[in-house]
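> Here's a sequence, model it:
(chains A and B)
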2 protein chains.
Amino acid sequence: MTTTTDTINSAAVATKANVYFDGKCVSHNLTLADGTKKSVGVILPSTLTFNTGAPEIMEGTGGSCEYQLAGTSEWIASGPGQKFSIPGNSSFQIRVTGEPYSYICHFG
Amino acid sequence: MTTTTDTINSAAVATKANVYFDGKCVSHNLTLADGTKKSVGVILPSTLTFNTGAPEIMEGTGGSCEYQLAGTSEWIASGPGQKFSIPGNSSFQIRVTGEPYSYICHFG
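Next comes the predicted model:
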């Protein structure tokens, strides 16, 4: 059984949105009390490729997606409460159909 | 001179995005330490009509828009650091061209 992270507490929220791929992905940056940086965002139905600098962990909070890590050929499904990790200085494809995929992006 | 509200501190952030009008408007709900509810969002290039329940104050944090309140015929420009008020149980049109319009929505 998976549980979703419905709320992130005590966050400083950057009020200007990040808009990627003509709005197919929108996010807001958060800084937690301990200085940890995260973002909350959503991906609309589309297939997109993202590059990473730092390693990232994507955690679904609504809707679902499929992802394919660089150098692999498998598309893996990920839904609410599920996480997947992307190495640093790499890339991944993400495919959303139907309901938008809401996520938390954890860095490092 | 106007200054923009770049950050909202000590917020509890709802991690599932609100997606309106096929993603032309995306927002995340916030609850502040004192219980005040706000949202941060972005409107992509489009002309949209929103209905209000509670009165709302829109505060621009990036990009710009034009808005027209119900019962008026004037389109008024609003940019970063500028606010406009919408009465409760009413509606307004908002028109964005070019850069997405990031905003904070204050309720009540």
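> Quick one: low-confidence residue ranges for chain A.
Counting by pLDDT under 70, chain A contains low-confidence ranges at A:1.
> what does it have sitting close to chain B?
By C-beta under 8 Å from any C-beta of the partner chain, the residues of chain A that approach chain B are A:4-17, A:19, A:22-24, A:26, A:28, A:30, A:40-42, A:44, A:61-62, A:100, A:102-104. C-betas here are computed from N, CA, C, even on glycine.
> Of those, which belong to strands?
Counted as lying in strands by DSSP state E, out of the residues of chain A next to chain B, are A:7-14, A:19, A:26, A:28, A:30, A:40-42, A:61-62, A:102-104.
> Can you select the buried ones from those residues in ChimeraX?
The command below creates a ChimeraX selection of those among those that count as buried (16 or more other C-beta atoms under 10 Å in any protein chain shown):
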select /A:7,8,11,12,13,14,19,26,28,30,40,41,42,61,62,102,103,104
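> A:Cys25 against A:Pro45, yeah?
No: checked against C-beta atoms under 8 Å, the pair A:Cys25 and A:Pro45 is beyond contact range at 11.4 Å.
> Comparing these two, which shows the higher neighbour count?
Between A:Cys25 and A:Pro45, counted using other C-beta atoms under 10 Å in any protein chain shown, the more crowded position is A:Cys25 (23 against 15).
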